[in-house]
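Colleague: When you get a sec, could you give me coordinates for this:
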Amino acid sequence: FGAGESSAGVHVGHQSALHYTPFWASVRIISGTLAALPFKVYERLDDGGKRPQPMHKVYALVHERPNEYMDWVTFCETRMAHVLCYGNGYAEIQRDGAGRPVALWPLLPNRTSRRMGSDGVPYYEVRTETGESIPLRDENVLHIKGLGFDGYTGYDVISYHRDAIGYGIAVKEYGARFYQNDANP
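Modeller: Next up is the predicted model:
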């Protein structure tokens, strides 16, 4: 998923791309900046306006703590980093018995895919480490999409820019070997 050899002869995958400092810095700056923005819940008014709803149950999920293990900044930063690398960020929406959201759980983008059922209803397929496939209903997945033209999924950024990232990595490695060899080619 997204990994392969660039035209510069360097293997570029999601992990190795993050070892390239300019790519890391861009992902870190964008995801960190977005995570620092205030996320609020609003009520839509009949006149087209909106009113903040800080007492709404979902407010705590998108402003403070999406689940018992993560704060909002970590959750948001991670989802955005997934979007910037994989083109998509996913989270499962855990609901209570009344159907109200009570937690958001991150899903790995390399194990999550949007599918269309034979009945025409979209759903998400999540693959576990053991290879098991778990279907999740569309309304139970928060899907943050990057740039894409079908409206359903974002493009895998690493795949689309493998050659540019690979070129940068190759230049970095060449420079490191050059200086390691006392500046002798």
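Colleague: in this protein, which spans are helices?
Modeller: Along the chain, the stretches classed as helices by DSSP state H are 14-17, 21-36, 57-63, 72-86, 157-160, 162-180.
Colleague: Can you find the helix or strand in this structure with the smallest mean pLDDT?
Modeller: Every helix and strand of the chain was ranked by mean pLDDT, DSSP states H and E. The lowest is strand 4-5, at a mean of 70.
Colleague: Need the per-residue pLDDT for the most centrally placed residue in the chain.
Modeller: The structure's the chain has its C-alpha centroid closest to H82; by Cα atoms, centre = their mean the separation is 2.2 Å. pLDDT for H82: 95.
Colleague: do A98 as well
Modeller: At A98, pLDDT is 92.
Colleague: Torsion angles phi and psi at it?
Modeller: phi -90, psi 0 (degrees, to the nearest 10).
Colleague: Need the winner for burial among the helices of the chain.
Modeller: Most buried of the helices of the chain, by mean neighbour count (mean count of other Cβ atoms under 10 Å): helix 72-86, with a mean of 21. From N, CA and C alone the C-beta is placed, and that goes for glycine too.
Colleague: hang on, the earlier thing: distance to L104 added to the helices of the chain, as CSV?
Modeller: Shown next, in CSV, are those (distance: least, Cβ to Cβ, whole Å):
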stretch, distance to L104
helix 14-17, 22
helix 21-36, 14
helix 57-63, 6
helix 72-86, 7
helix 157-160, 23
helix 162-180, 30
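Colleague: out of these, which comes closest to A103?
Modeller: helix 57-63 (7.0 Å; Cβ to Cβ).
Colleague: That closest one: how far from the chain's middle?
Modeller: 20 Å (Cα atoms, centre = their mean, to the nearest Å).
Colleague: What is that helix packed up against?
Modeller: In terms of contacts (3 or more Cβ pairs under 8 Å, 6 or more residues apart in numbering; DSSP states H and E), helix 57-63 is packed against strand 101-107.
Colleague: who does R114 bridge with?
Modeller: Beta-bridge partners recorded for R114 (DSSP bridges): Y124.
Colleague: what residues are up against it?
Modeller: R114 sits next to P122, Y123, Y124, H143, Y152, T153 when contact means Cβ atoms under 8 Å, 6 or more residues apart in numbering.
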